[in-house]
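Visitor: Okay, predicted coordinates and the sequence, questions at the end:
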Amino acid sequence: MKISDVSPDIDRLHEAVSRNYTAERIDRIRKLHLDTFAWQGDHIPMALLCADETNTIHSYPGVEDPLPFLALKVRNLIECVSFGSDLIPTASLDYFGDCVLPSMLGCVIKMPSRGTAVKDAAYVGPWIKPVIKDIKEVWDLEMPGLNVGYCPAALEAAAFFREHLPSNVNLSTIWKIEPFTLASLLRGTEIYMDCYDYPEEVHHLLDFCTDFFIMVERALRKVSGHSDTDNISHWGIVTPGIRLNGDTIINLSPLLFREFVLPRWKKLADAFGGPILTHYCSTYASKGLHLFDSVLDCPHVAGLSTQIGVEYYRENYDKLRYRFMIESGYTGANTPNYFATAETTEEWASSFSQGGYQTGLLLSYTAKSRQHGLGIMQALKQHSIIQE
C-alpha cells in the first residue's frame with residue numbers, strides 16, 4: 001500500500017468534513033461539550049463514531065507501519081462525519097493500545113506477528129509483562145529518553161497522520177493511561193498489596209509515572225498539533241482537562257483511591273489546563289460505582305466515563321446535578337446496549353426523554369455501519385435527545 005492509494009479517500013474525508021462540520025459548527029460543538037461539563041448545555045451530546053466491519057484490517061500489519069491504520073481511520077471517519085453527531089472529527093493513535101509507555105521502561109511487549117489473522121487489527125492490544133520484580137527497585141527508576149521502546153514509532157505515526165490527514169480533522173494521540181494504571185502494568189498485581197506494605201515506594205512510583213506520562217504526552221501533542229490545554233479525546237469530545245483511561249482503579253477501595261490516585265490526577269489537571277475526565281470499563285455491573293462518591297466534589301475531576309453511566313445518571317440525578325458530569329458509552333458484550341439497533345435506540349430514547357434531561361451527560365458510541373449510525377441518529381432526534 002502507498003499513500004497515493006489512500007489519497008482519494010483523504011480527499012473525500014476533507015469534503016465531507018467541510019460540508020458537515022463548518023468552523024462555526026465546530027465552535028458550537030466545543031461550547032456544547034464544555035457547557036455539558038458545567039451543566040449548562042441545551043441538549044445531551046451524542047458523539048457517534050463508526051467502525052464499519054467491511055473496513056476492518058484482518059491481517060495484522062504491526063504498529064510500526066502507520067499507513068494501514070491511517071487508511072482505516074480515514075475510511076471510518078468518512079462514515080462517521082456523515083452522521084453529523086456532536087463530535088469534533090478526530091483520528092487517533094489508539095491502535096498502539098497501552099504499549100508505548102511500559103515499553104519505554106523495559107517491559108516486554110508481546111504483539112501479534114505481522115500478517116497474523118486477527119478479528120480487527122485496530123483493536124489488538126499488546127500483552128505487557130511487568131518489569132518491576134521487587135518494589136524497592138522503584139528507587140532506581142530513571143526517566144528514559146523519547147528514543148526507546150515504541151515511543152519513536154508513536155512519534156513517527158503522529159507526524160505521518162498529521163502530515164496526511166486533512167487540516168480540518170483533529171488528531172488525538174495514544175491511549176492516555178493514568179498513573180496508577182501505568183504503575184500496575186509495570187509492577188503487576190503485587191501493587192495492590194504494596195499499597196499496604198510499602199506505601200512510600202508506591203507513592204514514589206506513582207509520582208514517577210505521573211511525570212513520565214506528562215513528558216511523553218507533551219511530546220506527542222507537539223507533533224500532533226495540540227497545546228497542553230487543547231484537550232480533545234479520541235472520541236472527538238472536548239474536555240476541560242485531559243481524558244484518561246484507568247481500568248485498574250476500580251480495584252481500589254475509596255480510601256486507597258483517595259490516597260494514591262487523586263493526588264496524581266490533580267497534578268495532571270494542573271499540567272493540562274483543567275479538571276480531568278477518566279474512563280474505566282465497567283461492563284454491565286456495579287464495578288467502580290464506589291469511586292463516584294470519592295470524586296463527586298473533587299475540584300480537579302470533571303467527570304467519569306463508564307458503560308453504565310446512563311443508569312447512574314438517572315438514579316442519582318439530584319446528587320449529580322451541577323456537581324459532576326458523566327460520559328456513558330455502549331460497546332455491546334455484557335452492556336445494556338440500547339443502541340444496538342434503531343429500534344432499541346428508539347425504545348430507550350422514548351423512555352429517557354420523559355425525564356426531561358438535557359445536560360450533565362454525554363453519550364458516546366461506535367456504530368457498526370453507516371446505516372446503523374444513521375438509524376441511531378434518527379431515533380435520538382425523534383425524541384429530542386439531540387437536536388436536528
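Guide: Structure received.
Visitor: List the neighbouring strands of the helix or strand of the chain with the lowest mean pLDDT plus their orientation.
Guide: Lowest mean confidence among the helices and strands of the chain (mean pLDDT, DSSP states H and E): strand 325-330, at a mean of 81. Sheet pairing of strand 325-330 (DSSP bridges) gives strand 301-305 (parallel), strand 361-367 (parallel).
Visitor: So which of those strands is nearest Phe213?
Guide: Phe213 lies closest to strand 301-305 among the strands paired with strand 325-330, at 16.5 Å (CB to CB). For glycine as for every other residue, the C-beta is placed from the backbone atoms N, C-alpha and C.
Visitor: who touches the closest one?
Guide: Residues from elsewhere that reach strand 301-305, judged by CB atoms under 8 Å, 6 or more residues apart in numbering: 37, 239-241, 243, 262, 265, 269, 274-280, 288, 291-292, 295, 324-329, 364.
Visitor: at 7 Å what do you get?
Guide: Contacts with strand 301-305, where a contact means CB atoms under 7 Å, 6 or more residues apart in numbering, come from 37, 239-241, 265, 275-279, 291-292, 295, 324-327, 329.
Visitor: got the strands paired with strand 325-330 as JSON lines, with mean neighbour count columns?
Guide: Listed next are the strands paired with strand 325-330 as JSON lines, based on neighbours: other CB atoms under 10 Å:
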{"stretch": "strand 301-305", "mean neighbour count": "25"}
{"stretch": "strand 361-367", "mean neighbour count": "24"}
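Visitor: could these go into a markdown table alongside mean pLDDT?
Guide: Below are the strands paired with strand 325-330 laid out as a markdown table (pLDDT from 0 to 100):
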| stretch | mean pLDDT |
| --- | --- |
| strand 301-305 | 92 |
| strand 361-367 | 90 |
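Visitor: Quick one, which of these gets closest to Leu206.
Guide: The closest of the strands paired with strand 325-330 to Leu206 is strand 301-305. By CB to CB, the value is 16.3 Å.
Visitor: Need the CA coordinates for that closest one. PDB is fine.
Guide: C-alpha atoms of strand 301-305 as PDB (Å, rounded to 0.1, in the frame of the first residue of the first chain):
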ATOM      1  CA  VAL A 301     -12.100  15.800  38.500                       C
ATOM      2  CA  ALA A 302     -14.700  16.900  35.900                       C
ATOM      3  CA  GLY A 303     -16.400  13.500  35.500                       C
ATOM      4  CA  LEU A 304     -16.200   9.800  35.000                       C
ATOM      5  CA  SER A 305     -16.800   7.800  31.800                       C
END
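Visitor: Show me what secondary structure element comes after it.
Guide: Later in the chain than strand 301-305, the nearest helix or strand by DSSP states H and E is helix 309-315.
Visitor: for the record, mean pLDDT for that next one?
Guide: Mean per-residue pLDDT for helix 309-315: 83.
Visitor: got the buried residues for that helix?
Guide: For helix 309-315, the neighbour count (16 or more other CB atoms under 10 Å) marks Gly309, Val310, Glu311, Tyr312, Tyr313 as buried.
Visitor: hmm, back to that, just the buried ones out of the contacts of strand 301-305, please.
Guide: Restricting the contacts of strand 301-305 to buried positions leaves 37, 239-241, 265, 275-279, 291-292, 295, 324-327, 329, with burial counted as 16+ other CB under 10 Å.
Visitor: In helices only, show me these.
Guide: Phe37, Trp265, Leu291, Phe292, Val295 (DSSP state H).
Visitor: Name the nearest of those relative to Ala183.
Guide: Nearest to Ala183 out of those is Trp265 (CB to CB; 13.5 Å).
Visitor: hang on, isn't the closest one packed against His300?
Guide: Yes - between Trp265 and His300 there is a contact under CB atoms under 7 Å: 5.9 Å.
Visitor: re the thing from before, mind giving me JSON lines with the buried residues of helix 309-315 and columns for distance to Gln371?
Guide: Below are the buried residues of helix 309-315 laid out as JSON lines (distance: CB to CB, whole Å):
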{"residue": "Gly309", "distance to Gln371": "26"}
{"residue": "Val310", "distance to Gln371": "24"}
{"residue": "Glu311", "distance to Gln371": "28"}
{"residue": "Tyr312", "distance to Gln371": "31"}
{"residue": "Tyr313", "distance to Gln371": "28"}
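Visitor: Name the nearest of those residues relative to Thr90.
Guide: Of all the buried residues of helix 309-315, the one with the least separation from Thr90 (CB to CB) is Gly309, at 20.5 Å.
Visitor: Counting neighbours, what do you get for the closest residue to the closest one other than its chain neighbours?
Guide: The shortest distance from Gly309 to any residue other than its chain neighbours is 2.9 Å, reached at Ser328 (CB to CB, 6 or more residues apart in numbering). Using other CB atoms under 10 Å, Ser328 has 22 other residues around it.
Visitor: which residues sit in contact with the nearest residue to Ile132 once chain neighbours are set aside?
Guide: Excluding the flanking residues, the one nearest Ile132 by CB to CB, 6+ apart is Arg187, at 4.6 Å. Arg187 is in contact with Pro130, Ile132, Ile135, Asp194, counting by CB under 7 Å, 6+ apart.
Visitor: Relative to Phe180, how far out is Arg187?
Guide: 10 Å (CB to CB, to the nearest Å).
Visitor: Of the contacts of Arg187 - the most surrounded one?
Guide: In terms of neighbours by other CB under 10 Å, those top out with Ile132 at 23 neighbours.
Visitor: what about it, which SS state?
Guide: coil (DSSP: H, G, I helix; E, B strand; the rest coil).
Visitor: my read: it touches Leu186, true?
Guide: Yes - the criterion here is CB under 7 Å, and Ile132 meets it with Leu186 at 5.1 Å.
Visitor: Need the contact partners of whichever helix or strand comes after the least confident helix or strand of the chain.
Guide: Counting by DSSP H and E, the element after strand 325-330 in chain order, helix or strand, is helix 342-353. By CB under 7 Å, 6+ apart, the list of residues contacting helix 342-353 from outside reads Tyr338, Phe339, Gly375, Ile376, Gln378, Ala379, Leu380, Gln382, His383, Ser384, Ile385.
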